[in-house]
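*Asks:* have a look at this fold, sequence not included:
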Ligand code: C2E
Ligand code: MG
Ligand code: MG
Ligand code: MG
């Protein structure tokens, strides 16, 4: 019986592995088409200044529309890009596209909207990073204060002094540098000491438990305090409900991002949202 069960399990495993591989192969093909100009998009998710009740920034998130019109899961797209080595090409594409679209929005509206772009570890380790970013700003006409880069703690793990120099150069030019998914990686506090960080983003894992979890509440409050005392901005990610927003504010949160305000949307929809103004539920 044990043997039989073992075999059935292996079959199930093989099947799901097969499905995963098929999906990855499809995603890799879509990614290559995307980089060749078909179906790749940047969507923007607003970041809200809770005191002003205004969108001050938006995070650029890559989206890929498959040939059947469906959206490919972004996390899978980025994973496959990492595995195939296409991540630096994808990252460059997103950077240029996001800066182009936001520069245009700023020109058309006169608003000082800023954009944050995610950087992969591989991209962050490129010796030409600062030159590339400054070149894109120059070409697209986006002012350096209109751009921030988000690095995860795992991306920072592989850092050396050369990368530090690149980031310092970018900071000196006014580009923001932030730590994404703060609190989920290793030696978070070391990164705050070593790198020219201007903001942190509290991972959505800590927001999921609010308002119920006292532990999550203590963590979110502590990160807000830490950021404030270090002179950094702190964005709380993944706010889905008005209750979570109330909790975040009670815990000293000043900036928030999440489905409560908006999902990631294409630029025209972001523009509409900015014109209409964002609904921030009042703080009771
Ligand atoms: P991230 O940088 O932490 O981005 C936030 C993710 O959380 C996005 O998922 C966003 O849609 C999602 N999110 C935002 N608000 C909520 C909420 O209230 N509830 C829930 N459940 N989710 C929320 P998305 O777009 O699927 O992206 C996943 C990850 O893929 C990103 O996580 C980032 O690590 C990576 N990624 C996306 N675009 C790029 C890119 O251009 N370059 C690189 N290197 N990575 C990217
Ligand atoms: Mg991010
Ligand atoms: Mg994040
Ligand atoms: Mg994440």
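*Replies:* Nice, I can see it. From a predicted model like this one, the values you see are computed outputs, not experimental measurements. Ligands and ions are numbered 1, 2, ... in the order given.
*Asks:* secondary structure element for the residue nearest the centre of the chain?
*Replies:* Geometric centre of the chain, nearest residue: residue 118, 4.9 Å, by CA atoms, centre = their mean. If you go by DSSP states H and E, residue 118 is part of strand 114-119.
*Asks:* quick one, helices of this structure?
*Replies:* Secondary structure of the chain, counting by DSSP state H: helices at 2-35, 74-84, 87-109, 121-124, 129-140, 153-157, 161-172, 188-194, 205-208, 214-229, 242-250, 267-276.
*Asks:* of all the ones you listed, which one comes closest to residue 60?
*Replies:* Proximity to residue 60 (CB to CB) singles out helix 87-109 among the helices of the chain, at 3.7 Å. C-beta here means a position set from N, CA and C on the backbone, and glycine is covered the same way.
*Asks:* do any residues in that closest one lie close to ligand 2?
*Replies:* No - using CB under 5 Å from the ion, we find that helix 87-109 stays clear of ligand 2, coming within 11.3 Å at best.
*Asks:* anything in that helix near ligand 1?
*Replies:* Yes - using CB under 6 Å from any ligand atom, helix 87-109 comes into contact with ligand 1 via 91, 94.
*Asks:* contacts for that helix?
*Replies:* 31, 34-35, 40, 42, 44, 58, 60, 62, 77-78, 81, 111-115, 117-120, 122-123, 126, 132-133, 136-137, 139-143, 146-147, 267, 270-271, 274 (CB atoms under 8 Å, 6 or more residues apart in numbering).
*Asks:* show me which of the residues you listed neighbour ligand 2.
*Replies:* The subset of those within reach of ligand 2, by CB under 5 Å from the ion, is residue 118.
*Asks:* dihedrals phi and psi, the closest residue to residue 259 other than its chain neighbours?
*Replies:* Closest residue in space to residue 259, ignoring its immediate chain neighbours: residue 240 at 4.9 Å, by CB to CB, 6 or more residues apart in numbering. Phi and psi for residue 240, reported as degrees, to the nearest 10, are phi -110, psi -30.
*Asks:* rewinding a little: residue 66: which of the helices of the chain is closest?
*Replies:* Closest among the helices of the chain, using CB to CB: helix 2-35, at 5.3 Å.
*Asks:* tell me the mean pLDDT for the closest one?
*Replies:* Taken as a whole, helix 2-35 carries a mean pLDDT of 74.
*Asks:* so where is the stretch 1-150 of the chain shaky, pLDDT-wise?
*Replies:* Scanning the stretch 1-150 of the chain for pLDDT under 70 picks out 1-15.
*Asks:* show me what from it comes close to ligand 1.
*Replies:* Taking CB under 6 Å from any ligand atom as the contact definition, the stretch 1-150 of the chain meets ligand 1 at 45, 61-62, 74-75, 78, 91, 94, 118, 120, 150.
*Asks:* would you convert those residues into CSV that also reports distance to residue 253?
*Replies:* Formatted as CSV, those follow (distance: CB to CB, whole Å):
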residue, distance to residue 253
45, 17
61, 21
62, 27
74, 25
75, 25
78, 27
91, 29
94, 27
118, 21
120, 27
150, 18
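*Asks:* can you select the buried ones from those in PyMOL?
*Replies:* Remark: buried members of those, expressed as a PyMOL selection using 16 or more other CB atoms under 10 Å:
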select buried, resi 45+61+62+78+91+94+118+120+150
